[in-house]
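>>> fold the following, please.
(2 chains)
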Amino acid sequence: SQELEQSPQSLIVQEGKNLTINCTSSKTLYGLYWYKQKYGEGLIFLMMLQKGGEEKSHEKITAKLDEKKQQSSLHITASQPSHAGIYLCGAVRGTSGSRLTFGEGTQLTVNP
Amino acid sequence: NAGVTQTPKFQVLKTGQSMTLQCAQDMNHEYMSWYRQDPGMGLRLIHYSVGAGITDQGEVPNGYNVSRSTTEDFPLRLLSAAPSQTSVYFCASSYPSDPGDPNTGELFFGEGSRLTVL
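Numbering: from 1, shown residues only, chains lettered A, B, ... in the order given. A predicted model of the protein is given here:
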């Protein structure tokens, strides 16, 4: 079973709408990464959260890590077609920054 | 900067054939890793390396070998390809943004190598 559960698995929204993607872990997270992937391309780093209650924003994307460090949310405000893609959350495992466990991803479609 | 470069981008193999997926990074990153991405399974770690000469197994290492003779290169070898190894493979490298904490910093990913085993 996946250590990280993402929801929803897929999401279709109208351009301009807000949306939220969730990432839940059964274990306390040391660090939580958010990546975006477009079809056929590599993963683009969005944000990393480490501290309970931490919140980071980049342009119209905001990510939060809850106080217990077991759940993170990614919120997009006023979505645009350029936001479409697969969003993946990843959690640090072990003592090496190379070892990330990823959720299954959330497929986001933004209709113009 | 080239970043993380993977070759080839596409490959078709027959069952039992061997091949090597190449990965090179020009950022002097200590940490490198290989993932495979399958529908409904997300990204799964195959092997990783924390520095030249050091490698270790990830979640799904069977059927794959790696070596790290230089900081720049981290090739992934399939010794006898099987249809179950049909997947998209991603190489990644990273460095700690906090030098005292190896769990910090972002992973830089290559664009992926799409492998089909018939």
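
>>> where in chain A is the helix or strand with the lowest mean pLDDT?
Using mean pLDDT, DSSP states H and E, strand A:100-102 stands out as the lowest-scoring helix or strand of chain A, at a mean of 84.

>>> strands paired with that strand, and their directions?
Sheet pairing of strand A:100-102 (DSSP bridges) gives strand A:85-92 (antiparallel).

>>> residues in contact with the strand it pairs with?
Strand A:85-92 is contacted from outside by A:3-4, A:6, A:21, A:23, A:25, A:29-39, A:43, A:46, A:72, A:74, A:99-103, A:105-108, B:42-43, B:103, B:107, using CB atoms under 8 Å, 6 or more residues apart in numbering or on different chains. Heads up, the C-betas are built off the backbone N, CA and C, glycines and all.

>>> can you mark which positions in that strand are buried?
Going by neighbour count (16 or more other CB atoms under 10 Å in any protein chain shown), the buried part of strand A:85-92 is A:G85, A:I86, A:Y87, A:L88, A:C89, A:G90, A:A91, A:V92.

>>> I'd like these laid out as JSON lines, including pLDDT.
Putting the buried residues of strand A:85-92 into JSON lines (pLDDT from 0 to 100) gives the following:
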{"residue": "A:G85", "pLDDT": "95"}
{"residue": "A:I86", "pLDDT": "94"}
{"residue": "A:Y87", "pLDDT": "96"}
{"residue": "A:L88", "pLDDT": "94"}
{"residue": "A:C89", "pLDDT": "94"}
{"residue": "A:G90", "pLDDT": "91"}
{"residue": "A:A91", "pLDDT": "86"}
{"residue": "A:V92", "pLDDT": "75"}
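
>>> from the residues you listed, which is closest to B:R68?
A:V92 (20.5 Å; CB to CB).

>>> which residues sit against the strand ranked longest in chain B?
Ranked by residue count, the top strand of chain B under DSSP state E comes out as strand B:42-51. Contacts of strand B:42-51 with the rest of the structure, by CB under 8 Å, 6+ apart, involve A:2, A:4, A:88, A:90, A:96, A:98-105, B:30-38, B:55-61, B:64, B:66, B:68, B:71, B:74, B:76, B:89-90, B:102.

>>> out of the contacts of strand A:85-92, which are inside strands?
A:4, A:6, A:21, A:23, A:25, A:32-37, A:43, A:46, A:72, A:74, A:100-102, A:106-108, B:42-43, B:107.
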